[in-house]
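1. Fold the following.
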Amino acid sequence: MLKESVIEIHRNINKPIAAAVGLPNERYTSDEGFIEDREKVIAPSWACIGFVDDLPEPNYVYPVDFMGLPLLITRDNDDVIRVFHNVCSHRGMHLADAPCRTNGLVRCPYHSWTYQLDGKLRGTPHIGGFGVHEHPEFNKAEGALREVRTETWLGCVFVNLSGTAEDFQSYIAPLTRQFNELCSVDERQRFVSDNQSGRTQLTVKSNWKLAVENYLESYHLPSVHPELNRISPLQEHFSLDYFAQGAGQGSLNYQRLSIDDKQLPNLAGWPEDQMNKALYPTLYPNTLIGLHSDHLFIMMLQPISKDETVEHVRISYVGDDALDSQYTKHHKTMLDNWSEVFGEDIFAVERMQKGRNSPGYLGGKFAPAMDEPTVHFHRWVAQCLLRGSNTEPS
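-> The predicted structure follows:
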């Protein structure tokens, strides 16, 4: 059992920020806390588990291990993206173990039952005896793969594992309203990636929540990102409007990349007097976003264990013209620059993870003027835990 009750956690973090106490150590260091995060924090939310470009063509499957759950993303011949539990309905065999193109079917390697990419059970060899592939008492419709509620947005694949979250568009509406002040929905749909120079990943020896907390605030810029702080200094950063499912920061001093006197194409509707504005929100639980006039990046956090997280990054640009070879140097430099920034954060979150093993740390203190986004996230986690425990604070 975890030492501190969810009611205590909720009460402590909901004090005024100067007196608030953060999530206790065991929420970062225990296997039980990790599983509770999955079941009570992430499952009832809309979590990113992958990217549409992970499935480069129709009739493709992409297996994902998400917090110990085997999931399978499929793209059928009609380009419909779905997610299923990656397990055969017959004897529980793990189905696909590597991304691949298919013939439109997924075959269980145990008894060769086959499933269409819409999850329907197609083939049941010898189910009625040798050479008899049907049985009057067996209903194939009841043997379909178990589907997970799925949505795609900005090239990401989101799932609601519990099936109980609000409609996805309602979930993201407070964030998209902030995006709409800079660019329309149609314009955001112009972001494209080349699948080569726009991706990277980093493995971090820390709990996933520490990666979220680090991304939410700009307080660490001068000490952790001195070069970034020189270009986009702390005083030019601001907190985004908080909403139920997210928070973040923005910059008023984003500098568009110029190489050989050329700049990447930008979104035509982006206000001319706000070209230096950039938004860096987190959509809880695990989607970190960077929206700029000339590019978009998404970082998806894949929690592996209580103290390991893989950060999957995608960078996309404005329109197919932006993928032309004349911008090859821009793509490489952009990826290198962001990889350096994200890499600089690793030591910080890993050393915070080490610190969570100390009995001398009891949830921490918060800087009232700088840590509001972090406190907002802690309160969101605490509320999820409380709701998942079916208890109410007194």
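2. Would you mind measuring from Arg190 to Ile42?
-> In this view, Arg190 and Ile42 are 30 Å apart by C-beta to C-beta, to the nearest Å. Bear in mind the C-beta positions are built from the backbone N, C-alpha and C, glycine included.
3. Could you give the bridge partners of the closest residue to Trp338 other than its chain neighbours?
-> Spatial nearest neighbour of Trp338, chain neighbours left out: Phe297 (6.1 Å); criterion: C-beta to C-beta, 6 or more residues apart in numbering. For Phe297, the beta-bridge assignment (DSSP bridges) gives partners Gly290, Ile315.
4. any idea which element Gln383 lies in?
-> Gln383 is part of helix 372-388, with elements assigned from DSSP states H and E.
5. Mind jotting down where the helices sit in the stretch 251-394 of the chain?
-> 328-355, 372-388 (DSSP state H, counting those that start in this stretch).
6. right, so of the ones you listed, which gets closest to Asn77?
-> Comparison of the helices of the stretch 251-394 of the chain against Asn77 by C-beta to C-beta identifies helix 328-355 as nearest, at 31.1 Å.
7. What is that closest one packed up against?
-> In this structure, helix 328-355 packs against strand 199-204, helix 208-216, helix 221-224, strand 258-259, strand 295-305, strand 308-318, with contacts taken as 3 or more C-beta pairs under 8 Å, 6 or more residues apart in numbering; DSSP states H and E.
8. and Lys329, which of those is closest to it?
-> Closest approach to Lys329 among these (C-beta to C-beta): strand 258-259, 4.9 Å.
9. Quick check: neighbours of that closest one in the sheet, parallel or antiparallel?
-> Each strand that pairs with strand 258-259, with its direction, by DSSP bridges: strand 262-263 (antiparallel).
10. Which residues does the strand it pairs with contact?
-> Around strand 262-263, the neighbours that count as contacts under C-beta atoms under 8 Å, 6 or more residues apart in numbering are 256-257, 294, 326-327, 330.
11. Out of those residues, which two sit at the greatest distance?
-> Arg256 and Gln326 (15.8 Å).
12. Return the most buried member of the helices of the stretch 251-394 of the chain.
-> Across the helices of the stretch 251-394 of the chain, averaging neighbours per residue (mean count of other C-beta atoms under 10 Å) puts helix 372-388 on top, at a mean of 21.
13. so how far is that one off the chain centroid?
-> Centre-to-centre, helix 372-388 and its host chain are 17 Å apart (C-alpha atoms, centre = their mean, to the nearest Å).
14. again with stretch 89-99
-> Counting by C-alpha atoms, centre = their mean, stretch 89-99 is centred 24 Å from the centre of its parent chain.
15. cool, and stretch 27-39?
-> Averaging C-alpha positions (C-alpha atoms, centre = their mean) puts stretch 27-39 18 Å from its chain's average.
16. now that stretch: mean pLDDT?
-> Computed over stretch 27-39, the mean pLDDT rounds to 97.
17. Ends of it, what's the gap?
-> Using C-alpha to C-alpha, to the nearest Å, one end of stretch 27-39 lies 13 Å from the other.
18. buried stuff in it?
-> Residues 27-30, 33-34, 36-38 are the ones in stretch 27-39 that count as buried (16 or more other C-beta atoms under 10 Å).
19. in the stretch 101-250 of the chain, which spans are helices?
-> Using DSSP H, counting those that start in this stretch, the helices found in the stretch 101-250 of the chain span residues 168-180, 185-188, 208-216, 221-224, 226-231.
20. Of these, flag the one that's most buried.
-> Using mean count of other C-beta under 10 Å, the stretch among these with the largest mean neighbour count is helix 208-216, at a mean of 25.
21. Tell me the spacing between the residue nearest to His292 when sequence neighbours are not counted and Pro368.
-> Closest residue to His292 apart from its sequence neighbours, by C-beta to C-beta, 6+ apart: Ala278 at 4.7 Å. Relative to Pro368, Ala278 is positioned 25 Å away (C-beta to C-beta).
22. Looking at these two, which is more packed in?
-> The neighbour comparison of Ala278 against Pro368 (other C-beta atoms under 10 Å) goes to Ala278, with 22 against 13.
23. on that earlier part again, tell me which of the helices of the stretch 101-250 of the chain approaches Phe138 most closely.
-> Distance to Phe138, taken as C-beta to C-beta, is lowest for helix 168-180 among the helices of the stretch 101-250 of the chain, at 35.2 Å.
24. counting contacts, what elements does that closest one pack onto?
-> Packing contacts for helix 168-180, counted by 3+ C-beta pairs under 8 Å, 6+ apart, involve strand 147-153, strand 278-283.
25. what pLDDT, on average, does that helix get?
-> Averaging pLDDT along helix 168-180 yields 96.
26. neighbour-wise, which of Arg190 and Ile42 wins?
-> Ile42 (25 against 18).
27. For that one, which residues are in contact?
-> Per C-beta under 8 Å, 6+ apart, neighbours of Ile42: 67, 161, 285-286, 303.
28. quick one, domains of this protein?
-> Here the domain parsing of the chain from automatic domain parsing is 9-39+166-388, 47-153.
29. on that earlier part again, give me the beta-bridge partners of the residue nearest to His292?
-> Here Ala278 sits in beta bridges with Ser251, going by DSSP bridges.
30. Could you list the low-confidence segments of the chain?
-> Residues of the chain that meet the criterion pLDDT under 70 lie in 1, 3, 195-196, 391-394.
31. my read: Ile81 touches Val157, true?
-> Yes - with contact defined as C-beta atoms under 8 Å, Ile81 reaches Val157; the gap is 6.1 Å.
32. If you count surrounding residues, which of those two has more?
-> Shown here are Ile81 and Val157; by other C-beta under 10 Å, Val157 has more neighbours (25 against 19).
33. Give me the distance between that one and Ala144.
-> Counting by C-beta to C-beta, the gap from Val157 to Ala144 is 20 Å.
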